[in-house]
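J.: quick one, fold the following:
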Amino acid sequence: MILRDDGAWQYAEAESPSQDHQGDLDECANWITVEKDTVTSTIMVAGSAPIVVSDDGGETGFTINLMRSSPPESSITLSIAVVGGGAVVTKGDGICFFFTDGTHFELANQESFNFKGCMAMHLGGAFGMESALRQLAEKRIGMMGKWTGESYHQRDLTPEMAASFRNMMRCLAEYKYRYSRLTILCIRRRPE
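T.: Below you'll find the predicted structure:
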């Protein structure tokens, strides 16, 4: 942060990414979107599009959305909605990820009771769960299973769906807010 001659504070312009990292950023432009709220100056980073995991044109299955929170939390929110049944979700209901390498793990819903069939899990940053975040960013998901108090849903992911999920998760995990190349001015003045 720099104090200008006129008394206003100014953040120094962020450094540009190294040449080695620039390729990753260019590739990630296909998988994530970065938007700045012009009112609050909050930067939102999210997956480029929802992933619909369905074998019947979206009538049943899952819709997956990924989003990264702003610093200081910088966690990734994995939001999964059941489509076509099982709308009651309580805190602790789970989702199981089965990877193509034969391993699997489960995550529990961290949000409250709802009738919308929506679950949310927060990974990384202030929420921990770095191991789960790393696995989701590195491994290929073959199948997902979601259970609630009233039902169980299971769907296979196509190789394209699995690649989209893994690439979005990897890019969100690697995204650094300093690469947004924003110069932010604070209009606080010294008391006279």
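J.: longest helix of the chain?
T.: In the chain, taking DSSP state H as the definition, the longest helix is helix 159-174.
J.: for it, buried residues please.
T.: 161-162, 164-173 (16 or more other C-beta atoms under 10 Å). To be clear about C-beta, it is placed using only N, CA and C from the backbone, and glycine gets the same treatment.
J.: for it, which helices and strands make contact with it?
T.: Contacts defined by 3 or more C-beta pairs under 8 Å, 6 or more residues apart in numbering; DSSP states H and E place helix 159-174 against helix 19-28, strand 32-36, strand 43-47, strand 51-53, strand 61-68, strand 76-83, helix 130-138, strand 141-147.
J.: ok, 7 Å please
T.: When contacts are defined as 3 or more C-beta pairs under 7 Å, 6 or more residues apart in numbering; DSSP states H and E, helix 159-174 sits against strand 32-36, strand 43-47, strand 51-53, strand 61-68, helix 130-138.
J.: could you report the neighbour count for residue 61?
T.: 23 (other C-beta atoms under 10 Å).
J.: same check on the one 5 residues further on?
T.: Here the count is done by other C-beta under 10 Å, and residue 66 has 27 residues near it.
J.: with residue 59 instead?
T.: For residue 59, using other C-beta under 10 Å, the count is 10.
J.: mind checking pLDDT for the nearest residue to it once chain neighbours are set aside?
T.: With C-beta to C-beta, 6 or more residues apart in numbering as the criterion, residue 59 has its nearest non-adjacent residue at 5.4 Å, and that residue is residue 84. For residue 84, the pLDDT comes out at 77.
J.: in contact with residue 84, which residues?
T.: By C-beta atoms under 7 Å, 6 or more residues apart in numbering, the contact list for residue 84 reads 59-61.
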